[in-house]
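Visitor: Using only what follows, build the 3D model:
(one chain, ligands or ions: 1)
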Amino acid sequence: MSGRVKIGIIGGGLMGREVASALSRWFVLDQHPVQAELMAICDPVESRRDWFRRVPTVKLFAADHNELLASPEIDVVYVAVPHDLHETIYLDVLKSGKDLFAEKPFGIDLKAARNISETAASLGRFVRCSSEFPFLPGGQRAFKIAREGKLGRLLEVRAGFLHSSDLDPDKPVNWKRQAKTCGAIGVMGDLGLHVVHIPFRLGWMPKTVFAQLQKIYTQRPDGAGGLATCDTWDNATLHTGLEISGHEVPMRLEMKRLAPGETNTWFIEILGTDGGVKYSTKEPKTLWTFQRGREQSWLRTDLGFQGPFNTITGGIFEPGFPDCFLQMWASFLAERAGKLDGRFGCVTPEEAVRSHQLFGAALHSHAGKNLATIE
Ligand SMILES: NC(=O)c1ccc[n+]([C@@H]2O[C@H](COP(=O)([O-])OP(=O)(O)OC[C@H]3O[C@@H](n4cnc5c(N)ncnc54)[C@H](O)[C@@H]3O)[C@@H](O)[C@H]2O)c1
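Guide: All right, here's what the predicted structure looks like:
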């Protein structure tokens, strides 16, 4: 390996720790062009910072992100904070001269996303946004099959990301349940970029959307004996329209916090007249492919451990969440070094902005109960 890259994390919660986990086993990557090293953490909560003391390479513990950004040692900053803080902190990272690995939804709304994207472009910074599931072998195979264009005339596309933990009405409120911190787009901002990553990368940008949005539990325990208001959308079903080779193709996108029985289920299904492909993390090593013949059948294939980047893990083993997260980071840093070499890349700022255009149009569609055009 060559090309050492020093990384700082702003926001040491759920995802900040996941990144520490991925970077701490960077050595499992086989011949990656970059050597990644986590060296700084920023979080205003002391106990959150202290967790990172178990990572031997971390030397800088900051309560204020400007202290971390002042360090000349750091090349790349990953930011995982509540959505209302994205714009300010992302812009501060860019202005400090560092590259940015952002979290979704890339700003609380379209205006913020555009500002971040335009600032990154004008300052010439390398910026990508996190979305890890397409890096699973099943996501990669579905993408490859669709890109090869051998499915015939496309009939329909379905993609989604489903959770169920919010079915529990006693689950306490957190910042993701309130519009002021999560954003007016609610669950679409939480889960949506994961859902559109592969379709957008295939060039499937919807032109229209009819949205069905649901707020299901509007109050939750506040953790102090009272109740707090939950005013974000819990479930979103978007019926979108694509134009592919002169034909209109329906694409249904589902993002749900209350989906009975689903724990972090990410899926994609692409159906055409000559073939089809289906993959879901519900059956993490199973790929379904369809071929039209005299008899019609779906073929079930057990996938092994084939990420875009080789690792020491044997091809017969099964991948999981930490693996696709590591693969995503490998892709981010390879692309930053100009060495992606045709592999699948992370969400671009343009794609993130486009997702906000779609989700903003979905709000209009739902409010007017009509089909909205995506500008
Ligand atoms: N890629 C994924 O699969 C995935 C999964 C969950 C969340 N996310 C995204 O990651 C981001 C963070 O979500 P999370 O679940 O980790 O949230 P979290 O609540 O677990 O962690 C957020 C952290 O940010 C810290 N923080 C608050 N203000 C800060 C500030 N000014 N400076 C530095 N740190 C500050 C908090 O103390 C907390 O530790 C969000 O954008 C979310 O949408 C991504």
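
Visitor: Which residue does the chain have closest to the ligand?
Guide: The ligand sits closest to Gly13 of the chain, with a gap of 1.9 Å, by CB to the nearest ligand atom. Yep, even glycine has a C-beta here, placed from its N, CA and C like the rest.

Visitor: did I read that right, Ala211 in a strand?
Guide: Yes - applying DSSP: H, G, I helix; E, B strand; the rest coil, one finds Ala211 inside a strand.

Visitor: Spatially nearest residue to it (excluding sequence neighbours)?
Guide: Ala362 (3.7 Å; CB to CB, 6 or more residues apart in numbering).

Visitor: did I read that right, the one you found in a helix?
Guide: Yes - counting by three-state DSSP, Ala362 is located in a helix.

Visitor: my guess is the residue of the chain closest to the ligand meets Ile41, correct?
Guide: No - taking contacts as CB atoms under 8 Å, Gly13 lies outside contact range of Ile41: 11.1 Å.

Visitor: which residue is nearest the centroid of this protein?
Guide: Ser131 (2.4 Å; CA atoms, centre = their mean).

Visitor: which residue ranges form the helices in this protein?
Guide: For the chain, applying DSSP state H gives helices covering 14-24, 46-51, 65-69, 86-95, 110-123, 137-148, 179-182, 187-201, 321-336, 349-368.

Visitor: Burial-wise, tell me which of those comes out on top.
Guide: Neighbour counts (mean count of other CB atoms under 10 Å) averaged over each of these peak at helix 187-201, with a mean of 25.

Visitor: And it, how far out from the chain middle?
Guide: The chain centroid and the centroid of helix 187-201 are separated by 6 Å under CA atoms, centre = their mean, to the nearest Å.

Visitor: how near is the residue nearest to Ala211 to Arg354?
Guide: Per CB to CB, to the nearest Å, Ala362 is found 13 Å from Arg354.

Visitor: Give me the local confidence score for the residue nearest to Leu136 when sequence neighbours are not counted.
Guide: Here the nearest residue to Leu136 in space, its sequence neighbours aside, is Cys324; by CB to CB, 6+ apart that works out to 4.7 Å. Per-residue confidence (pLDDT) for Cys324: 97.

Visitor: Now for Glu243, how many residues are close by?
Guide: Per other CB atoms under 10 Å, the neighbour tally for Glu243 reads 13.

Visitor: Run through the bridge partners of it.
Guide: Glu243 has these beta-bridge partners by DSSP bridges: Glu248.

Visitor: got the residues of this protein near the ligand?
Guide: For the chain, the contact set with the ligand under CB under 6 Å from any ligand atom comprises 10-15, 42-45, 48, 65, 80-83, 85, 103-104, 130, 132, 190.

Visitor: how does it look with 8 Å?
Guide: Applying CB under 8 Å from any ligand atom, we find that the chain lies next to the ligand at 10-18, 42-45, 48, 64-65, 79-83, 85-86, 89, 103-105, 130-133, 174-176, 189-190, 194, 325.

Visitor: Any figure for the gap between Gly275 and Gln357?
Guide: 31 Å.

Visitor: Likewise for Gly272?
Guide: 26 Å.

Visitor: How about Asp231?
Guide: 23 Å.

Visitor: List the contacts of the residue nearest to Leu136.
Guide: Glu132, Phe133, Phe135, Leu136, Gly139, Gly307 (CB atoms under 8 Å, 6 or more residues apart in numbering).

Visitor: same check, this time on Met328
Guide: Met328 touches Ser130, Ser131, Glu132, Phe135, Cys346, counting by CB under 8 Å, 6+ apart.

Visitor: Isn't the second one up against Phe200?
Guide: No - at 9.9 Å, Ser131 does not count as touching Phe200 under the criterion of CB under 8 Å.

Visitor: Now for these two: what residues contact both?
Guide: Applying CB under 8 Å, 6+ apart, one finds that Ser131 and Phe200 are jointly contacted by Val347.

Visitor: Give me the phi and psi angles of the residue of the chain closest to the ligand.
Guide: Backbone torsions for Gly13, taken as degrees, to the nearest 10, come to phi -90, psi -140.

Visitor: Domains in the protein, by residue range?
Guide: Domain ranges of the chain: 4-129, 134-320+347-373, per automatic domain parsing.

Visitor: will you turn the ones you listed into JSON lines that also has mean pLDDT and distance to Arg336?
Guide: Formatted as JSON lines, those follow (pLDDT from 0 to 100; distance: least, CB to CB, whole Å):
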{"stretch": "domain 4-129", "mean pLDDT": "98", "distance to Arg336": "5"}
{"stretch": "domain 134-320+347-373", "mean pLDDT": "96", "distance to Arg336": "13"}
